[in-house]
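**Student:** Let me see the structure of the following:
(chains A, B, C and D)
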Number of protein chains: 2
Amino acid sequence: MNKVTVLVVEDDAPVRNLIVTTLKTHEYKYLTAANGAEALMLAASHNPDVVFLDLGLPDTDGIDVIKQIRNWSNMPIIVISARSEDEDKIEALDAGADDYLTKPFSVEELLARLRVTVRRLSLIGNEGNKDSSVYTNGDLKIDYMAGCAFLGEEELKLTPMEYKLLCLLAKNTGKVLTHTYITQNIWGRSWDNDIASLRVFMVSLRKKLETGPDSPQYIQTHIGIGYRMMKAD
Amino acid sequence: MNKVTVLVVEDDAPVRNLIVTTLKTHEYKYLTAANGAEALMLAASHNPDVVFLDLGLPDTDGIDVIKQIRNWSNMPIIVISARSEDEDKIEALDAGADDYLTKPFSVEELLARLRVTVRRLSLIGNEGNKDSSVYTNGDLKIDYMAGCAFLGEEELKLTPMEYKLLCLLAKNTGKVLTHTYITQNIWGRSWDNDIASLRVFMVSLRKKLETGPDSPQYIQTHIGIGYRMMKAD
DNA sequence: GTCATTTTGTAAAAAAATGATAAAAAGTTC
DNA sequence: GAACTTTTTATCATTTTTTTACAAAATGAC
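**Tutor:** Next up is the predicted model:
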């Protein structure tokens, strides 16, 4: 998963800094808000992965912030509050919070609970967004997660280079990619030899891809420039 | 959602009764276990929606129970423990627990946290919850719970490494796993030697798995990339 | 249009990289 | 220390990548 973004809602600057510093050193991205209005705005505009929410805000009741967010999003909300009464916890959790820590809290525990949340997010992500990593173009299908490509029902048996090349073209469907761009992407350099190799790979890729003897359906040559993956749909 | 089933793992009878009574009055279904072995059995056989787990069990370390369950399931586990040290919490959470309450706990808070968990379950929808403790793929069968594998009726006699490897491949059936990914998962590192070892294990695993002399039925090599468990069904 | 020139496609080889396998060495477990 | 598992090492076969040479196609000047 990419870097996780945490929205930190906390009016007390020292506490906020402590959290932010911790997040920074653990490679999380973050946003900060010092009051409820700001928090709601940032939550809506940046759609963070997780929210850390202090309930004692100057302008709004923290519970309302939870409810507001829950009106349109299920993003995980971890409450951090000075109040340790059962009723407070229950109210927050039932309003839609996912977890509740009381101040003073242990930074390590906060991180552990954040890890739990992120772990859960990635679980949902992997099962719900299964097709987000599948590319289709006519009969051609590439499953980036699984690392394989299909033409119709049949799986294409591609070498690593061919696969790389196909992915590069696919990810830029419709665009003409110059020889230099392609070789830079695959070999990290662009010598004459590489462009000659590119031609050879092009041949073998096309042999596996292009069904008929007719003009190339998927990969088009642009003489003097490079190649392009055509949009078939 | 139908009635939610909670597996209560707690050796102390009074506490267990308190929890059970509470669950009963709030219309939850429940199962109880007084030790780790029983807990694992019930978890596998009844596939409860949530687990309440006391870490101080007579027979097993609670952390091990978490890890065991996580071998084959993502069912929510809420830990209830007498130990309130940060390290204990972090260890449990990182082992796969979803929440951590310290004794003495408030019944109301427990219920609130249970509601949070159930709410989350219904969000995900039970379709994603297809993890079961046995994996089947053609003639291959893996009982994660019991920690053994079968080919048809015959049990495969696998070494620990071979078993680990097989599970990793099985859990990613259909995906091509890179050498690095595999070694990272098994050895936590990825040196040349590890990849060489991987090859050796691959040979012995295949000897035990692949029946015919024909091309590999289960484990496919992707030259320059890694391996893949094929979907046989 | 024709011809020279440039660019691209193709096949076949050489070179390099990678994988399977056996066997020995090192480590574990009981 | 015997039996077993894991790691290391070496060899050989296979596959992939690169190189090379040449044919085919496109381009542009005339």
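**Student:** which stretches of chain A form strands?
**Tutor:** A:5-9, A:29-33, A:50-54, A:77-81, A:99-102, A:134-137, A:140-143, A:148-151, A:154-156, A:176-178, A:219-222, A:226-229 (DSSP state E).
**Student:** who in chain A is up against chain B?
**Tutor:** Residues of chain A lying close to chain B (C-beta under 8 Å from any C-beta of the partner chain) are A:74, A:86, A:89-90, A:93-94, A:97-99, A:106, A:108-109, A:111-113, A:115-116, A:120, A:123-124, A:127-128, A:145-148, A:159-160. Heads up, the C-betas are built off the backbone N, CA and C, glycines and all.
**Student:** got the domain boundaries for chain A?
**Tutor:** What the record gives for chain A is the domain set A:5-128, A:133-229, from automatic domain parsing.
**Student:** closest one to B:Asp11 among the ones you listed?
**Tutor:** domain A:5-128 (25.1 Å; C-beta to C-beta).
**Student:** pLDDT averaged over that closest one - what is it?
**Tutor:** Averaged across domain A:5-128, pLDDT comes to 92.
**Student:** what does stretch A:209-225 give?
**Tutor:** pLDDT averaged over stretch A:209-225 gives 83.
**Student:** Can you give me the buried ones in that stretch?
**Tutor:** Neighbour counts over stretch A:209-225 (16 or more other C-beta atoms under 10 Å in any protein chain shown) mark A:209, A:217-219 as buried.
**Student:** Keep only those of those that are in helices.
**Tutor:** Taking DSSP state H, the ones among those that sit in helices are A:Leu209.
**Student:** Am I right that A:Leu111 is in contact with A:Ile19?
**Tutor:** No. Taking contacts as C-beta atoms under 8 Å, A:Leu111 lies outside contact range of A:Ile19: 10.0 Å.
**Student:** How many residues are close by the residue lying closest to A:Asp49 once chain neighbours are set aside?
**Tutor:** In space, and not counting its chain neighbours, A:Asp49 is closest to A:Val4: 4.7 Å by C-beta to C-beta, 6 or more residues apart in numbering or on different chains. When neighbours are defined as other C-beta atoms under 10 Å in any protein chain shown, A:Val4 has 20 of them.
**Student:** who touches A:Val4 in this structure?
**Tutor:** Counting by C-beta atoms under 8 Å, 6 or more residues apart in numbering or on different chains, A:Val4 touches A:28-29, A:49-50, A:114, A:118, A:121.
**Student:** Then A:Gln217?
**Tutor:** A:Gln217 sits in contact with A:138, A:210-211, A:230, A:232, where contact means C-beta under 8 Å, 6+ apart.
**Student:** Now find how far off-centre the longest helix belonging to chain A is within its chain.
**Tutor:** The residue-count maximum for a helix in chain A (DSSP H) belongs to helix A:107-128. The chain centre lies 14 Å from the centre of helix A:107-128; the measure is C-alpha atoms, centre = their mean, to the nearest Å.
**Student:** ok, and what's touching that helix?
**Tutor:** A:1, A:4, A:6, A:18-19, A:22, A:26, A:28, A:49-50, A:52, A:76, A:78, A:80, A:98-99, A:101, B:74, B:86, B:89-90, B:93-94, B:97-99, B:120, B:124, B:128.
**Student:** about what we covered before: state the distance from the residue nearest to A:Asp49 to DNA strand C.
**Tutor:** 32 Å (C-beta to the nearest atom of the strand, to the nearest Å).
**Student:** if we can go back for a sec, can you pick out the most distant pair from the contacts of A:Gln217?
**Tutor:** So, the contacts of A:Gln217 by C-beta to C-beta: farthest apart are A:Thr211 and A:Met230, at 13.8 Å.
**Student:** quick revisit: nearest to DNA strand D, out of the domains of chain A?
**Tutor:** Across the domains of chain A, DNA strand D has its closest neighbour in domain A:133-229 (2.9 Å, C-beta to the nearest atom of the strand).
**Student:** From the chain's centroid, how far away is the closest one?
**Tutor:** Relative to its chain's centre, domain A:133-229 lies at 24 Å (C-alpha atoms, centre = their mean).
**Student:** now the end-to-end length of it.
**Tutor:** Distance across domain A:133-229, first residue to last, is 18 Å (C-alpha to C-alpha, to the nearest Å).
**Student:** Same question for stretch A:44-59.
**Tutor:** 18 Å.
**Student:** in it, what counts as buried?
**Tutor:** A:48-55, A:57.
**Student:** And stretch A:133-146, by the same measure?
**Tutor:** For stretch A:133-146, the neighbour count (16+ other C-beta under 10 Å) marks A:135, A:137, A:140-143, A:145-146 as buried.
**Student:** For the contacts of helix A:107-128, which PyMOL command selects only the ones that are buried?
**Tutor:** Those of these that count as buried under 16+ other C-beta under 10 Å are selected in PyMOL with:
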select buried, (chain A and resi 4+6+19+22+28+49+50+52+76+78+80+98+99+101) or (chain B and resi 74+89+90+93+97+98+99+120+124)
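**Student:** Excluding residues flanking it in the chain, which one is nearest A:Asn35?
**Tutor:** Excluding the flanking residues, the one nearest A:Asn35 by C-beta to C-beta, 6+ apart is A:Asp59, at 4.5 Å.
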